[in-house]
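*Asks:* Return atomic coordinates for the entry below.
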Amino acid sequence: MEYLITDTRAGVSRRDFSLKATDLGFDFPVDFECRHQILHGGKQEGAEVITLRVGGMTLTVSPTRGMGVLYAQYADLRLGWDSPVKEVVNPAYMELGKQGGIGWLEGFNELVARCGYQWTGHPGEDQGEMLTLHGQIQNIPASVVRLSVESAPPYRVRLSGRVDERCFKRCEFEVWMHLDILPGEASFRISDELINRGSSAREYQIIYHNNFGVPLLEQGAEVRVPVKQLSPFNERAKEGLNTWSTMPAPTAGFDEEVFNIRPLGDSEGDTLALLRNAAADKGVAMRYNLNQLPVLTLWKNTDTLEQGYVVGLEPGTSFAYNRRYQRDLGLVPSIGAGESRLFNLQFDFLQDHAAVAAAEAEVVALQAAQSSEVLSEPLVAC
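*Replies:* Now for the predicted structure:
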């Protein structure tokens, strides 16, 4: 069963769309609800939010904000963070070039924020062009939004959006973004496809800026990653190199620490990154493939709860440097005319000691194949 919610070319806009299990016309195995809302007031005026509940899993997504996942919850474990940005900001009220190119921060409060696709990373000039922080895709409303519900096992529920990043004489990128939930599973999946609809090859970059706060983030929480190579992002990060994987308590005035990681994967390139709480009885495991997303950025921003106590586990094609610094690192790929690229991530909710221990054992097994190389200096002097 497929339900079209928005299609700009067809002139479809089903405001306040709502669907429950009893509306499906067949016996769905768990409770189900999809609810579409238009927000009002402040800088969220006109922003769209979709809440999708499948059994014990709830995802909250904003089509207006590039299909960003605001937060996810399974049973009593919530993934997300508490940003000083409290509203679901409509990009119409944002200026990405503001304050030297960091206007992106005025809407930043998502669990999953996509950064790309023409560029990502820190603001600055590249080849005569001013690039703003983390690209544009997270602030482009979806042109198509649709929901599909399978009527036979495994009863997959998929929320899809098409977000277009198009600019005359620049690029014609079409991005299909899919969020999948299988009833009964304590996980959700992201499956994105980038398509170059132009007539020539273009550079592209993508970082999945995945952000976690309390209850997982706390003093003594740990990040677990199978590391091939680790380096500080800049001079500031050098100070925290020896404690890169350990999370401190909320600290007033904490200046972010960022680390570049080249992870290890299995023979197919599959890997994972794990954040678990201090007691090691709650966590999240993020699974992805290094052939699609070869590097990982760890962003530690453990400031006060009011300022934004958050850690980012960010797989990508690139680190967070400005694009001009990354070509020499081999981290600015290109996509030919008519070609596509796939990016898949899975987020597993770890709800007890056994689940956390099993995920940590996977990291240990991958790390056993090779010792970590730790560089004391940043990859780029910028």
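*Asks:* pLDDT averaged over the longest helix anywhere in the chain - what is it?
*Replies:* Selection of the longest helix in the chain by residue count, based on DSSP state H, yields helix 353-367. The average pLDDT within helix 353-367 is 98.
*Asks:* ditto for stretch 83-98
*Replies:* Stretch 83-98 comes out at a mean pLDDT of 97.
*Asks:* mind listing what's buried in that stretch?
*Replies:* For stretch 83-98, a neighbour-count test (16 or more other Cβ atoms under 10 Å) marks Ser83, Glu87, Val88, Val89, Asn90, Pro91, Met94, Leu96 as buried. All C-beta spots, glycine's among them, are computed from the backbone N, C-alpha and C.
*Asks:* try stretch 110-125
*Replies:* For stretch 110-125, burial by neighbour count (16+ other Cβ under 10 Å) applies to 110-124.
*Asks:* swap in stretch 35-54?
*Replies:* Buried, per 16+ other Cβ under 10 Å, within stretch 35-54: His36, Gln37, Leu39, Lys43, Gln44, Ala47, Glu48, Val49, Ile50, Leu52, Arg53, Val54.
*Asks:* Filter the buried residues of stretch 110-125 down to just the ones in strands.
*Replies:* If you go by DSSP state E, these have Val112, Ala113, Arg114, Cys115, Gly116, Tyr117, Gly124 in strands.
*Asks:* Across the sheet, point out what pairs with the second one.
*Replies:* When bridges are taken as DSSP bridges, the partners of Ala113 come out as His209.
*Asks:* Let me see the contact set for it.
*Replies:* The contact partners of Ala113, by Cβ atoms under 8 Å, 6 or more residues apart in numbering, come to Gly66, Gly68, His134, Gln138, Tyr208, His209, Asn210, Asn211.
*Asks:* State the distance from it to Ser334.
*Replies:* 24 Å (Cβ to Cβ, to the nearest Å).
*Asks:* pretty sure Thr60 belongs to a strand, no?
*Replies:* Yes. Remark: Thr60 belongs to a strand, assigned using DSSP: H, G, I helix; E, B strand; the rest coil.
*Asks:* Could you say which helix or strand holds the closest residue to Arg341 other than its chain neighbours?
*Replies:* Leaving aside its sequence neighbours, Arg341 sits nearest to Leu194 (Cβ to Cβ, 6 or more residues apart in numbering; 4.6 Å). Element membership of Leu194 [criterion: DSSP states H and E] is strand 187-196.
*Asks:* what's that strand packed up against?
*Replies:* If contacts are counted by 3 or more Cβ pairs under 8 Å, 6 or more residues apart in numbering; DSSP states H and E, strand 187-196 sits against strand 112-117, strand 171-181, strand 340-350.
*Asks:* got those as TSV, with distance to Leu147 and mean pLDDT columns?
*Replies:* Formatted as TSV, the helices and strands packed on strand 187-196 follow (distance: least, Cβ to Cβ, whole Å; pLDDT from 0 to 100):
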stretch	distance to Leu147	mean pLDDT
strand 112-117	18	98
strand 171-181	10	97
strand 340-350	20	98
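*Asks:* among those, which is the most enclosed?
*Replies:* Comparing these on average neighbours per residue, with mean count of other Cβ atoms under 10 Å, the densest one is strand 112-117 at a mean of 26.
*Asks:* Helices along the stretch 251-382 of the chain, start to end?
*Replies:* For the stretch 251-382 of the chain, applying DSSP state H, counting those that start in this stretch gives helices covering 323-326, 353-367.
*Asks:* Reformat the buried residues of stretch 83-98 as CSV; add secondary structure and distance to Asn242.
*Replies:* What follows is the buried residues of stretch 83-98, written out as CSV (DSSP: H, G, I helix; E, B strand; the rest coil; distance: Cβ to Cβ, whole Å):
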residue, secondary structure, distance to Asn242
Ser83, coil, 29
Glu87, coil, 39
Val88, coil, 39
Val89, coil, 37
Asn90, coil, 43
Pro91, helix, 40
Met94, coil, 38
Leu96, coil, 36
